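Asker: I'd like to go over a predicted model; first the sequence, then the structure.
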Amino acid sequence: MDFGKISERGLVLLGCGKMGSALLQGWLAGGLSPDAVYVIDPNPSDWVLAQAVHVNQPLPENPAVVLVAVKPQMMGGALPQLQSYGGGNTLFVSVAAGTLIASYEAVLGAATPIVRTMPNTPAAVGRGITAICGNAHTTAAHLDTTQALMSAVGQVVRLDGEHQMDAVTAVSGSGPAYVFHLIEALAAAGHAQGLAPDLAMQLARATVCGAGELAYQASETAAQLRINVTSPGGTTAAALEVLMDAETGFPPLLRRAVQAAADRGRELGK
Ligand SMILES: NC(=O)C1=CN([C@@H]2O[C@H](COP(=O)(O)OP(=O)(O)OC[C@H]3O[C@@H](n4cnc5c(N)ncnc54)[C@H](O)[C@@H]3O)[C@@H](O)[C@H]2O)C=CC1
Ligand SMILES: O=C(O)[C@@H]1CCC=N1
């Protein structure tokens, strides 16, 4: 991957927890020199400290990119220290849920190029998906730089505007947690049918991972893959009658869950 100006001018990573580390891992694996990365984090992990990146050291004068990966609740304390990079020369990329582009503009100045993104934790294994959208001062080149950075950890989609971000967050940003909970719930249901907990968990985890991989690799739609498992009058049909119930099944349950996540995103933006 060509990191261009980032290699020359540097990248400041504000917050290097789960998301920041997943991104950093992808960039380093993609060939970014650790010497180009400046991490600011009051609690750097042992992993970050072992990466030969600059951690809590003096920052470059004119970094190409600042990537903001602190919790929205920590933003007020963390962002102002980078105010001097606002104004146009440095591209700011945010992964924070709920934090509006306008909040960044209020601290950094409206002339600052700011791209808001929403990645997800499968980024840690190069299988994330990130949605991106920029403010009025982002150029095509800024969006291309952001796309290159986020492509290091998976797919990238471009949004029509920031108004889509809370829905995206509720589907793909938070979505991995729903799938992990599906593993937990499926294992618990297997245990309720008399399987030992460990065996039930092994079956549930392998099933969700295998189905995910099949959905990733297959050309068929998700609906067709479901139909392929379902023998008429068989066991799957019996389960799907419960899960696809319009009143009590997955569709209304996930609609409520996704609504709750999107609502929380909107609240965080206030
Ligand atoms: N974890 C996830 O699935 C996703 C998280 N995000 C967003 O990523 C951001 C970070 O989330 P996580 O990595 O999960 O949280 P985290 O808690 O793992 O990482 C946050 C990091 O920020 C550091 N930090 C705290 N105060 C700081 C300060 N003043 N300056 C610099 N660093 C500071 C902490 O020490 C920690 O390492 C959040 O805004 C979240 O909305 C976005 C998509 C998915
Ligand atoms: O739960 C959160 O707020 C963050 C954003 C998406 C995933 N984790």
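Answerer: Received, thanks. Ligands and ions are numbered 1, 2, ... in the order given.
Asker: my guess is R116 meets E162, correct?
Answerer: Yes. Between R116 and E162 there is a contact at 6.1 Å, judged by Cβ atoms under 8 Å. (C-beta placed from N, C-alpha, C; glycine too.)
Asker: do stretch 66-76 and ligand 1 meet at all?
Answerer: Yes. Contact of stretch 66-76 with ligand 1 (Cβ under 6 Å from any ligand atom) involves A69, V70, K71, P72, M74.
Asker: Could you pull out the buried residues of that stretch?
Answerer: Going by neighbour count (16 or more other Cβ atoms under 10 Å), the buried part of stretch 66-76 is V66, L67, V68, A69, V70, P72, M75.
Asker: Correct me if wrong: the fourth one contacts A96.
Answerer: Yes. With contacts counted by Cβ under 8 Å, A69 reaches A96, the gap being 7.3 Å.
Asker: Distance to G26 added to the buried residues of stretch 66-76, as CSV?
Answerer: Compiled in CSV, the buried residues of stretch 66-76 are given as follows (distance: Cβ to Cβ, whole Å):
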residue, distance to G26
V66, 17
L67, 12
V68, 17
A69, 13
V70, 19
P72, 22
M75, 23
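Asker: now, which of the residues of stretch 66-76 next to ligand 1 sits nearest V125?
Answerer: Among the residues of stretch 66-76 next to ligand 1, A69 lies closest to V125 (Cβ to Cβ), at 17.7 Å.
Asker: tell me the SS of the nearest residue to H54 once chain neighbours are set aside?
Answerer: Ranked by Cβ to Cβ, 6 or more residues apart in numbering and with sequence neighbours excluded, the top spatial neighbour of H54 is Y38, at 4.5 Å. Classification of Y38 using DSSP: H, G, I helix; E, B strand; the rest coil returns strand.
Asker: so which pair among the buried residues of stretch 66-76 is furthest apart in space?
Answerer: Pairwise distances across the buried residues of stretch 66-76 (Cβ to Cβ) peak at 16.3 Å, for the pair V66 and P72.
Asker: Verify the contact between G134 and I114 for me.
Answerer: Yes. With contact defined as Cβ under 8 Å, G134 reaches I114; the gap is 6.8 Å.
Asker: Roughly how far does T112 sit from R256?
Answerer: 37 Å (Cβ to Cβ, to the nearest Å).
Asker: same check, this time on E241
Answerer: 20 Å.
Asker: and what of P34?
Answerer: To R256, P34 is 44 Å away according to Cβ to Cβ.
Asker: Counting neighbours, go ahead and name the busier of the two.
Answerer: Using other Cβ atoms under 10 Å as the criterion, P34 and R256 rank with P34 on top: 13 against 10.
Asker: Kindly export stretch 214-221 (C-alpha atoms) in PDB.
Answerer: Extracted C-alpha coordinates of stretch 214-221, given in PDB (Å, rounded to 0.1, in the frame of the first residue of the first chain):
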ATOM      1  CA  LEU A 214     -19.800 -19.100   3.500                       C
ATOM      2  CA  ALA A 215     -21.800 -15.900   3.200                       C
ATOM      3  CA  TYR A 216     -18.500 -14.000   2.500                       C
ATOM      4  CA  GLN A 217     -17.300 -16.400  -0.200                       C
ATOM      5  CA  ALA A 218     -20.500 -17.600  -1.900                       C
ATOM      6  CA  SER A 219     -22.100 -15.700  -4.800                       C
ATOM      7  CA  GLU A 220     -25.700 -16.600  -3.600                       C
ATOM      8  CA  THR A 221     -27.800 -14.100  -1.600                       C
END
